[in-house]
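A.B. asks: Quick one, structure for this:
(one chain, ligands or ions: 2)
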Amino acid sequence: MQNSVTVIAPVNIAVIKYWGKRNEQLILPINDSLSVTLSTADLCSKTTITADPSYEENKIVLNGKEENFDNERITRCVEMIKHRALESESCSKELLAYKIHVDSENNFPTAAGLASSASGYACLVYALAQLYGLKKQEISDIARMGSGSACRSIYGGFVQWQKGVQLDGKDSIAVQIAPASHWPDLHVLILVVNDSKKKVGSTSGMARSVLTSELIKYRVEKCVPQRIHSITQAIKDRDFSKFAEITMKDSNQFHAICLDTYPPCVYMNDVSHAIVNFVHEFNRNEGETKVAYTFDAGPNACLYLPEKYVKRVLAFFNHVLPNDNQNSVEYLRGTPVDIDEETEFSQYTPYERNALKYIIHTKVGDGPSIVD
Ligand SMILES: Nc1ncnc2c1ncn2[C@@H]1O[C@H](COP(=O)(O)OP(=O)(O)OP(=O)(O)O)[C@@H](O)[C@H]1O
Ligand SMILES: C[C@@](O)(CCOP(=O)(O)OP(=O)(O)O)CC(=O)O
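C.D. replies: Ligands and ions are numbered 1, 2, ... in the order given. Predicted coordinates for the structure are as follows:
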């Protein structure tokens, strides 16, 4: 049995947002959510776990800095995986008894609203499952115990987190709706407005919304079930315009609930709102929906768009949100793309310079994998 394993896991960005728990301890959500898994070629967590009889204590190093291993979320994931391995006798009892050292890195900003907790915990749980020989078993329920959204990063493509109804959360799992290969044309531009640590984390923000927002009840009962149904169909039909409309409406509703929370959680800023306006103006003038935005618990925009519009949308954003470094590789990260220097956007009045820090270009991708 190999005592060390290295894996990578993807980020996912929800198009129907998870916001609110019915059980804080077990991380059980009040509504289903649905996300797109992003390519690990551009954004990923990479985690190495080593188990060794000589280790005296468990350790975790995150982005080169030692963190507290005895954090409830990490401990829970490790205990649950070990329990499952013991039950299914997938590895030796000796291996399970060894202490472990975890070394993890994100190749993008941590805790900045770019879903690092999702890729981070999916990576941790997937690596543990590989180490202890749990190859084909369901592990999204364990990733969920690290961070709710992490359960969706266990699968590639288009993924639904079914909220489940059982009290013990056994049926609160992620399910793949379609693999990345179903709609590889779906590309993503992440417009990074701010990549520093956010003020109100998702965990405390959503707890406050459940306690104080009245709109959240309407969303959970009336809007989400209908939206999950419609967006699943849009994904199956590769109907971008329908996918885009539902995605933007759900992002707007999620942030409306954040404002309806008391005291309010304000995640979007003026630049985020400018991006929303630019997207609507652009789609209207182009005569079709070419691009959709969604915002998580932070000011950064995640844009979904068909591959054929990437160049044009980038040229558009270079015009309306100009940056002094926009021709440098530091500014346009991820999958390389040539931007045509187009001039026909002069009808749009640009926002102030350097409002965007950088842009990441990526696309829909696969789930976690082992690194040789
Ligand atoms: N690679 C990793 N391995 C293990 N844990 C990680 C990793 N990356 C991030 N985390 C955990 O996730 C936390 C960040 O989660 P947080 O929800 O604050 O931010 P985020 O995931 O970037 O944003 P959001 O979930 O709102 O999109 C980190 O403080 C750390 O505890
Ligand atoms: C806005 C979101 O990104 C919220 C993510 O919340 P987390 O999964 O980070 O919260 P915890 O379960 O408390 O760890 C929406 C989403 O990803 O669905």
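
A.B. asks: Count the neighbours of residue 192 for me.
C.D. replies: 21 (other Cβ atoms under 10 Å). Yep, even glycine has a C-beta here, placed from its N, CA and C like the rest.

A.B. asks: residues contacting it?
C.D. replies: Residue 192 makes contacts with 109, 114, 300, 356, 357, 358, 359, 360, as judged by Cβ atoms under 8 Å, 6 or more residues apart in numbering.

A.B. asks: and if you look at residue 310?
C.D. replies: Residue 310 neighbours (Cβ under 8 Å, 6+ apart): 187, 189, 337, 361.

A.B. asks: roughly how far apart are it and ligand 2?
C.D. replies: 24 Å (Cβ to the nearest ligand atom, to the nearest Å).

A.B. asks: Would you mind naming what in the stretch 1-150 of the chain lies close to ligand 1?
C.D. replies: 45, 62, 104, 106, 110-118, 120-121, 123-124, 149 (Cβ under 6 Å from any ligand atom).

A.B. asks: isn't residue 184 right next to residue 365, touching?
C.D. replies: No - contact criterion Cβ atoms under 8 Å: residue 184 and residue 365 do not qualify, at 9.2 Å.

A.B. asks: between the two, which one's more packed in?
C.D. replies: Neighbour totals were compared for residue 184 and residue 365, and residue 365 leads with 22 against 14 (other Cβ under 10 Å).

A.B. asks: what about the residue located most distally from the centre of the chain, which helix or strand?
C.D. replies: No residue in the chain sits farther from the centre than residue 54, which is 36.2 Å out by Cα atoms, centre = their mean. Counting by DSSP states H and E, there is no helix or strand that carries residue 54.

A.B. asks: try residue 120
C.D. replies: For residue 120, the host element (DSSP H and E) is helix 116-131.

A.B. asks: Show me how far that helix is from its chain's centre.
C.D. replies: 13 Å (Cα atoms, centre = their mean, to the nearest Å).

A.B. asks: The chain should start at 36 in everything you say after this.
C.D. replies: Okay, residue one is now 36; in that scheme the one you just asked about reads as helix 151-166.

A.B. asks: What helices and strands are in contact with it?
C.D. replies: Judged by 3 or more Cβ pairs under 8 Å, 6 or more residues apart in numbering; DSSP states H and E, helix 151-166 is in contact with strand 39-45, strand 79-87, helix 107-123, strand 134-141, helix 175-179.

A.B. asks: can you rerun that using 6 Å?
C.D. replies: Judged by 3 or more Cβ pairs under 6 Å, 6 or more residues apart in numbering; DSSP states H and E, helix 151-166 is in contact with strand 39-45, strand 79-87, helix 107-123, helix 175-179.

A.B. asks: Relative to residue 212, which of the ones you listed is closest?
C.D. replies: Closest approach to residue 212 among the helices and strands packed on helix 151-166 is made by helix 175-179 (13.5 Å; Cβ to Cβ).

A.B. asks: Tell me how far that closest one lies from the chain's centre.
C.D. replies: 14 Å.

A.B. asks: Just the CA atoms of it, as PDB, please.
C.D. replies: Output in PDB follows, covering the C-alpha atoms of helix 175-179 (Å, rounded to 0.1, in the frame of the first residue of the first chain):
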ATOM      1  CA  SER A 175     -19.400  14.000  -1.800                       C
ATOM      2  CA  ASP A 176     -21.200  13.700   1.600                       C
ATOM      3  CA  ILE A 177     -17.800  13.800   3.300                       C
ATOM      4  CA  ALA A 178     -16.500  16.700   1.300                       C
ATOM      5  CA  ARG A 179     -19.700  18.500   2.200                       C
END
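
A.B. asks: Name the next helix or strand downstream of it, please.
C.D. replies: strand 193-196.

A.B. asks: hmm, that following strand touching ligand 2?
C.D. replies: No - judged by Cβ under 6 Å from any ligand atom, strand 193-196 makes no contact with ligand 2; its nearest approach is 7.7 Å.

A.B. asks: Next secondary structure element downstream of that strand?
C.D. replies: Per DSSP H and E, the helix or strand that comes after strand 193-196 is strand 209-213.

A.B. asks: what helices or strands is that following strand leaning on?
C.D. replies: So strand 209-213, by 3+ Cβ pairs under 6 Å, 6+ apart, packs with strand 193-196.

A.B. asks: quick one: strands adjacent to the strand it packs on?
C.D. replies: strand 68-72 (antiparallel), strand 209-213 (antiparallel) (DSSP bridges).

A.B. asks: could you give the mean pLDDT of the next helix or strand after the last one?
C.D. replies: The one in question is strand 209-213. Downstream of strand 209-213, the first helix or strand assigned by DSSP H and E is strand 221-227. The average pLDDT for strand 221-227 rounds to 97.

A.B. asks: likewise stretch 80-97?
C.D. replies: Mean predicted confidence for stretch 80-97 is 98.

A.B. asks: one step back: packed most tightly, which of the helices and strands packed on helix 151-166 would that be?
C.D. replies: helix 175-179 (a mean of 27; mean count of other Cβ atoms under 10 Å).

A.B. asks: Need the contact partners of it.
C.D. replies: For helix 175-179, contacts defined as Cβ atoms under 6 Å, 6 or more residues apart in numbering pick out 62, 112, 115, 116, 156, 157, 160, 185, 186, 189, 208, 209.

A.B. asks: repeat for stretch 324-342
C.D. replies: By Cβ under 6 Å, 6+ apart, stretch 324-342 touches 48, 148, 220, 222-229, 233, 237, 240, 275-276, 279, 282-283, 286, 302-304, 307, 310, 314, 318, 344, 348.
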